[in-house]
Structures are given as structure tokens and as C-alpha cells.
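Provided below for reference: sequence and predicted model.
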Amino acid sequence: MDAVTALFASAAVLLVIAGLVKVVRPTITATLLDDLGVPTTGALDGTWLTRVLGCVEITVGLVALTTEIVVMAAVVGAMYLIFAGVVWRGMRVDAASCGCFGAIDTPPSWTHVAGNLGLAGSSLWALGGRSPLEVMENQPAGGLGFIVVVGVLAGVELILFTAVPQAMTGRKPTQA
């Protein structure tokens, strides 16, 4: 069951990374929101909305990683289910980018949908297990091994969400 907790923790780490990038460089995600027809007006423009979304992702990811609140696994899982729907919708409207990581222009793809569904499933499955903090407290060296595993998983997931879809479409990444 600790493997599921590691997948859940890596999903939370990805939320923090994606959120930080959206806050700092919101242009690509704001364009996706426009492509999806999300209504924006005046002060509530796509850039502002993207930054708010980024702050929500950062907050949810950090709370999921640093507390023993079991329901956070459900919140993270729900977010990834929503992301799967957004990416699927992005594919339907031929959006130029999935908007996942803000500054990295990656086309929406079935790889994204599957990845989001996989992270949603592992996060929801983690509801029955231990929190990342509980796993770490029972390991030597303060859970350093667990932290390394989570970091590697998050890195592999980041590659699956960015480099793989770009390679499949033959596109070179562009930065906003």
C-alpha cells in the first residue's frame, strides 16, 4: 500500500510544480481557457483565473504532502479527474496546448487523459492507506528513501505529460 501512497504523493508534487509554473507564467493556460470558452471579463481574465488555479494547485499539493488529512487523497483525485476532462475537451476543440504546466506548450493528448486518470485512481486508492507523513515516519533516515521514490515518480510523470506527447506529434516545445 505504500507504493500507492508514493504515487499519490507524486501526484501532489506535480500539482505543486504545475501550480508554480501557472502562477509565474500563465499565458499558455490562459489561452487554453479561452480555447475552451471559459467566460472571462474585466478583472476576471484568463491570466488572473490561471494564477488562481495555480494557487489552488499549490495549496492542495502542499496540504496533501504535509498533513495526515486523509480526505486530501480524494481532493487530489478529484482534481486529476477534472484535469482529464479538461484535456479531453482540449482535444475536442483542437487546443494548441493542454495548459498542464503553464509555460510548456504541449498538445493535449490521450497520454494526458490516461495519465490524469491514472493519478486520479492512485490518489483515490490512497484513501485506504497511510499518508505520506505516516509512511515517512516509519522509515530510516526520516523517510529519505520515500522522498527519492516520490521525486523519481514525479519526474517520470512530468516527462510523460510533456516530452512524450511532444515526441508523438513531432513538435518541439515552446515556452511562453
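Everything's here; your move. What you see is a predicted model; the values in this text were computed from it and never measured.

now do the contacts for the residue lying farthest from the centre of the chain.
Computed with CA atoms, centre = their mean, the maximum C-alpha offset from the centroid of the chain is found at Pro140, amounting to 28.8 Å. Neighbour list for Pro140: empty [criterion: CB atoms under 8 Å, 6 or more residues apart in numbering]. C-betas here are computed from N, CA, C, even on glycine.

quick one: contacts for the residue lying closest to Asp45 once chain neighbours are set aside?
With CB to CB, 6 or more residues apart in numbering as the criterion, Asp45 has its nearest non-adjacent residue at 7.4 Å, and that residue is Ala30. Ala30 makes contacts with Asp45, Gly46, Thr47, Leu49, Thr50, as judged by CB under 8 Å, 6+ apart.

now Ala30: phi and psi?
Here is the backbone geometry of Ala30 (degrees, to the nearest 10): phi -60, psi -40.

can you get me a residue count around Val70?
13 (other CB atoms under 10 Å).

and the one 5 residues further on, by the same measure?
When neighbours are defined as other CB under 10 Å, Val75 has 15 of them.

list the contacts of Val60.
Residues near Val60 by CB under 8 Å, 6+ apart: Ala12, Leu15, Met72, Val75, Val76, Met79.

in the helix or strand hosting it, what counts as buried?
Per DSSP states H and E, Val60 falls inside helix 46-66. Within helix 46-66, the residues scored as buried using 16 or more other CB atoms under 10 Å are 46, 49-51, 53-54, 57-58, 60-62, 64-65.

what helices or strands is the helix or strand following it leaning on?
Tracing the chain C-terminally past helix 46-66 and defining elements by DSSP H and E, one meets helix 71-92 next. In terms of contacts (3 or more CB pairs under 8 Å, 6 or more residues apart in numbering; DSSP states H and E), helix 71-92 is packed against helix 2-24, helix 27-35, helix 46-66, helix 110-125.

could you rerun that using 6 Å?
helix 2-24, helix 46-66, helix 110-125 (3 or more CB pairs under 6 Å, 6 or more residues apart in numbering; DSSP states H and E).

and whichever helix or strand comes after the shortest one, how far from the chain's centre?
So that's helix 110-125. Later in the chain than helix 110-125, the nearest helix or strand by DSSP H and E is helix 132-137. A distance of 21 Å separates the centroid of the chain from that of helix 132-137, by CA atoms, centre = their mean, to the nearest Å.
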